[in-house]
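S.K.: Return a 3D structure for these sequence lines:
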Amino acid sequence: MLNTKIVSGSSHQDLSQKITDCLSLELGEVVTEKFSNQETCVEILYGEDVYIVQSGCGEINDNLMELLIMINASSRVTAVFPCFLYARQIRKDKGWAPISAKLVANKLSVAVADHIIAMDLHASQMQEAAVLEWIRENLSEWRNCTVVSPDAGGAKRVTSAADRLNVDFALIHKERKKASEVDRMVLVGNVKDRVAVLVDDIADACGTICHAADKRLSAGATTVYAILTHGIFAGPAISPVVVTNTIPQEDKMKHCSKIQVTDISMILAEAISRTHNGEFVSYLFSHVPLK
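M.R.: Next up is the predicted model:
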């Protein structure tokens, strides 16, 4: 990957370093500072093919502005978004609700990002292969499992995973009191005497995941696992919870032994390599690159 530099924003430098290690590159230098009025100033010392790694965690709004400035300071740039900022606000659920994810995408376009690489934009293909690999390698009883979606919106995700594992699937229909509070859940499918594997994209307060786990256990599931792409964890969790490292988990793991992390740096590194070389990134929809 000649004339290529990978640089890191402030959000997740550990993942940025792991990606560059996978590609046998050195992390590029970035000078970042804040003025007394809290404006962000960034200087990137390269005019080459630049890949900027910035995840949707930490000081989210500051990190978004930092990313936009970093993009604007480069000539040819790809924004690598392990966790896309404002990804949950991807549709109108009320009359005057904004589509904030579209706003972020428009800002990236105005800042002149040439490409965007992200994990799980409410479309499961890119992380699905990693999920299946984890299930096969870590669950000895995976052939007797049911893959479960905690809501109807994830039905396509779990049916695809279940088909590739040749196992059953189930989903939960949920009725909400408000955006972050679930009123009632109805199970559609069979988990009796089986391992239930909950698969979802984002875990924030974990209310939905916890309710879904309780529903699985009351329906006769022997064990419940949760496999999530982005673990925000602003509330309780169930045991065990498997998340990727799109968001740093070290501090949360110190306080909760239930959390297990699977590294996706090699997937992002392969996506960067394929983008740079003009190869199909769709290869990663069905293959997990090996370190």
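S.K.: Spell out which residues make up each domain of this structure.
M.R.: Domain assignment for the chain by automatic domain parsing gives 4-119+266-285, 125-263.
S.K.: where among these is the average confidence lowest?
M.R.: Among the domains of the chain, domain 125-263 has the lowest mean pLDDT, at a mean of 81.
S.K.: which residues of the stretch 1-150 of the chain fall in helices?
M.R.: Secondary structure of the stretch 1-150 of the chain (DSSP state H, counting those that start in this stretch): helices located at 13-22, 60-72, 100-110, 125-138.
S.K.: Surely Asp201 is within a strand?
M.R.: Yes. Assigned with DSSP: H, G, I helix; E, B strand; the rest coil, Asp201 falls within a strand.
S.K.: just to revisit the earlier point, dump the helices of the stretch 1-150 of the chain to CSV, plus mean neighbour count and distance to Ile267.
M.R.: Where C-beta positions appear, they are placed from N, C-alpha and C, glycine not excepted. Formatted as CSV, those follow (neighbours: other CB atoms under 10 Å; distance: least, CB to CB, whole Å):
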stretch, mean neighbour count, distance to Ile267
helix 13-22, 19, 9
helix 60-72, 19, 20
helix 100-110, 15, 21
helix 125-138, 19, 6
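S.K.: Out of the ones you listed, flag the one nearest Leu198.
M.R.: Checking the helices of the stretch 1-150 of the chain against Leu198 by CB to CB gives helix 125-138 as the closest, at 11.1 Å.
S.K.: In CSV, could you pull the C-alpha coordinates for the closest one?
M.R.: In CSV, the C-alpha atoms belonging to helix 125-138 read as follows (Å, rounded to 0.1, in the frame of the first residue of the first chain):
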residue,chain,number,x,y,z
GLN,A,125,-23.6,-8.0,5.7
MET,A,126,-20.3,-6.6,6.8
GLN,A,127,-20.3,-7.9,10.4
GLU,A,128,-22.3,-11.1,9.8
ALA,A,129,-19.3,-13.2,8.8
ALA,A,130,-17.6,-12.2,12.1
VAL,A,131,-20.7,-13.1,14.1
LEU,A,132,-21.0,-16.6,12.5
GLU,A,133,-17.3,-17.2,13.1
TRP,A,134,-17.6,-16.4,16.8
ILE,A,135,-20.7,-18.6,17.2
ARG,A,136,-19.0,-21.6,15.5
GLU,A,137,-15.7,-21.2,17.4
ASN,A,138,-17.1,-20.4,20.9
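S.K.: and it, what other elements does it pack with?
M.R.: When contacts are defined as 3 or more CB pairs under 8 Å, 6 or more residues apart in numbering; DSSP states H and E, helix 125-138 packs onto helix 155-165, strand 223-231, strand 241-244, helix 265-277.
S.K.: can you state the direction angle for the last one and helix 13-22?
M.R.: Note on geometry: by axes from the mean of the first three to the mean of the last three CA atoms, to 10 degrees, helix 265-277 and helix 13-22 are set 60 degrees apart in direction.
S.K.: Which strands or helices does helix 265-277 pack on?
M.R.: helix 13-22, strand 49-53, strand 76-81, strand 115-118, helix 125-138.
S.K.: Of all those, which one is nearest His211?
M.R.: Closest to His211 of the helices and strands packed on helix 265-277, according to CB to CB: helix 125-138, at 21.2 Å.
S.K.: quick one on the thing from earlier: any chance of the helices and strands packed on helix 265-277 in CSV with distance to Leu103 as columns?
M.R.: CSV is the format used below for the helices and strands packed on helix 265-277 (distance: least, CB to CB, whole Å):
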stretch, distance to Leu103
helix 13-22, 25
strand 49-53, 19
strand 76-81, 15
strand 115-118, 14
helix 125-138, 22
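S.K.: Of these, which is nearest Glu59?
M.R.: It's helix 13-22; of those, that one is closest to Glu59 (CB to CB) at 13.8 Å.
S.K.: Export only the CA atoms of that closest one, formatted as CSV.
M.R.: The C-alpha trace of helix 13-22 is given here as CSV (Å, rounded to 0.1, in the frame of the first residue of the first chain):
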residue,chain,number,x,y,z
GLN,A,13,-6.6,5.2,18.9
ASP,A,14,-6.1,1.6,20.1
LEU,A,15,-8.2,0.3,17.2
SER,A,16,-6.4,2.6,14.8
GLN,A,17,-3.1,1.1,15.9
LYS,A,18,-4.4,-2.4,15.5
ILE,A,19,-5.6,-1.7,12.0
THR,A,20,-2.2,-0.3,11.0
ASP,A,21,-0.4,-3.3,12.6
CYS,A,22,-2.6,-5.6,10.4
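S.K.: Noted, bye for now.
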